[in-house]
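Trainee: turn this into a model:
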Amino acid sequence: MLQLKLKSNRKGKCKRGYTISNKILATRLKNRRKELKMSQRELAEGICKQGQISRLENGEFTPGADFLYALSKKLKVSIDYFFNKQIVEEIDELSEFKKLAQTFITNRNYESLKYIYELESVKVHRLSLVNKFYMEWIKSLIDFYFYGQKEEAVARLEKVLSQLSVTDLTYLQVANTLFNFYYDIEDLESFNEIREKLEYQVNQLKLNTIEELNLSIKFNYNVCRYLWLQNNTEEAITKITDTIKQCKTYRTTYLLADLYLLMGNVSKNFSSKVAVKDYFETAYFLYKLEGNMSMALKIEHYIADIIE
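Mentor: Just a heads-up that it's a prediction; the model follows:
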């Protein structure tokens, strides 16, 4: 890459004569960061303070050229990307769909997931290969959890998995789902085989992006649930405790409500009612915070049963 040594003046003009539009810069910086699934903290690391990224994205100041160059390297774009109006941004064709789909998946609202999938699937022939795999993954979730077509869902994901590289994040996402599917259909041979592969690959993740972190937490949660269902109580408690600690270390609430709910379920046969109630109340608070009222209402019943 050509290293540009540009100097900016107070009016935001670079030596080569470019005038940086704060609005274009702010929009493109934010969009590209989200496209790469980076947090502001991750983007700022090694370059500046997080607050400066926040101010940039709000259009509150114009950075110098050296600063811009460092950002462009980290975001894997040319420096022109930030202020050349002729450059067309690469926008994920499913970005809005993915946001909505993730909400429905987290809330286990598979009826709504089916509805938006049917609306979006008419465009599937125009999608990139990666997004076609993503849509196959969504279809498998709907088949398995909404229609109960479990064998079809498993077969679809096995086909997708065979076309992906083991180091690909999409591979880990699909394998993580198959991990659950195999256990639910009691195919324990396939379950144990994929668990070993997943554990190795997940442990290789550097957790530098939100996507990697969420995959790690999701897999760990699945293992916690499996240990509980197998009545491996001590291992389950240790794993749940470690995964809750992971969430707190990385300051994320992703699946934190589910983890506290699981801890309540695991411990209700031997812990005090006060301790179990605390776990359920924490889960209840987190579900309400997420806007997941369906799960919050279910936990209200759990808490009421404990009090009685």
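
Trainee: buried residues in the strand or helix carrying Val174, which are they?
Mentor: Per DSSP states H and E, Val174 falls inside helix 169-184. The neighbour-count check on helix 169-184 (16 or more other Cβ atoms under 10 Å) flags 169-183 as buried. Yep, even glycine has a C-beta here, placed from its N, CA and C like the rest.

Trainee: that helix packs against which elements?
Mentor: Packing partners of helix 169-184 (3 or more Cβ pairs under 8 Å, 6 or more residues apart in numbering; DSSP states H and E): helix 129-141, helix 150-162, helix 188-204, helix 210-229.

Trainee: contacts for it next, please.
Mentor: 130, 133-134, 137, 140-141, 144, 150, 153-154, 157-158, 160-161, 164-165, 188, 190-191, 194-195, 197-198, 201-202, 211-212, 215, 218-219, 222, 226, 229 (Cβ atoms under 8 Å, 6 or more residues apart in numbering).

Trainee: quick one: it to helix 188-204, angle?
Mentor: Orientation of helix 169-184 against helix 188-204 (axes from the mean of the first three to the mean of the last three Cα atoms, to 10 degrees) gives an angle of 150 degrees.

Trainee: one step back: among the contacts of helix 169-184, name the buried ones.
Mentor: Going by neighbour count (16+ other Cβ under 10 Å), the contacts of helix 169-184 have 133-134, 137, 140-141, 144, 153-154, 157, 160-161, 164, 190-191, 194-195, 198, 201-202, 211-212, 215, 218-219, 222, 226 buried.

Trainee: go ahead and confirm Val160 touches Met135.
Mentor: No: between Val160 and Met135 there is no contact under Cβ atoms under 8 Å: 10.0 Å.

Trainee: picking that back up, out of the helices and strands packed on helix 169-184, flag the one nearest Asp278.
Mentor: helix 210-229 (18.2 Å; Cβ to Cβ).

Trainee: residues making contact with that closest one?
Mentor: Here helix 210-229 has contacts from 37-39, 42, 169, 172-173, 176, 179-180, 183, 195, 198-199, 202, 205-207, 235-236, 239-240, 242-243, 246-247, 250, 252, 254-255, 258-259, 262, 265-266, using Cβ under 8 Å, 6+ apart.

Trainee: and if you look at stretch 296-308?
Mentor: Contact partners of stretch 296-308, identified using Cβ under 8 Å, 6+ apart, comprise 261, 264, 268, 273, 276-277, 280-281, 283-284, 287-288.

Trainee: 6 Å - rerun?
Mentor: 273, 277, 280, 283-284, 287-288 (Cβ atoms under 6 Å, 6 or more residues apart in numbering).

Trainee: pLDDT of it, averaged?
Mentor: The average pLDDT for stretch 296-308 rounds to 83.

Trainee: related to what we said a few turns ago, which among the contacts of helix 210-229 count as buried?
Mentor: In the contacts of helix 210-229, burial by neighbour count holds for 38-39, 42, 169, 172-173, 176, 179-180, 183, 195, 198, 202, 205, 207, 236, 239-240, 243, 246-247, 250, 254-255, 258-259, 262, 265-266, counting by 16+ other Cβ under 10 Å.

Trainee: could you report the neighbour count for Gln50?
Mentor: Gln50 has 14 neighbouring residues, counting by other Cβ atoms under 10 Å.

Trainee: that one contacts Ser39, doesn't it?
Mentor: No: between Gln50 and Ser39 there is no contact under Cβ atoms under 6 Å: 8.5 Å.

Trainee: any regions of the stretch 101-250 of the chain where pLDDT drops low?
Mentor: For the stretch 101-250 of the chain, no stretch has pLDDT under 70.

Trainee: show me where the stretch 201-308 of the chain has helices.
Mentor: 210-229, 233-249, 256-267, 273-290, 293-307 (DSSP state H, counting those that start in this stretch).

Trainee: how far off helix 256-267 does the last one point, in degrees?
Mentor: Right, helix 293-307. Using the same axes, to 10 degrees: helix 293-307 against helix 256-267 is 30 degrees.

Trainee: cool, and the fourth one?
Mentor: Counting by the same axes, to 10 degrees, helix 273-290 lies at 160 degrees to helix 256-267.

Trainee: packing partners of helix 273-290?
Mentor: Packing partners of helix 273-290 (3 or more Cβ pairs under 6 Å, 6 or more residues apart in numbering; DSSP states H and E): helix 256-267, helix 293-307.

Trainee: looking at the ones you listed, which is closest to Arg33?
Mentor: Among the helices and strands packed on helix 273-290, the nearest to Arg33 by Cβ to Cβ is helix 256-267 (23.7 Å).

Trainee: alright, that wraps it up for me.
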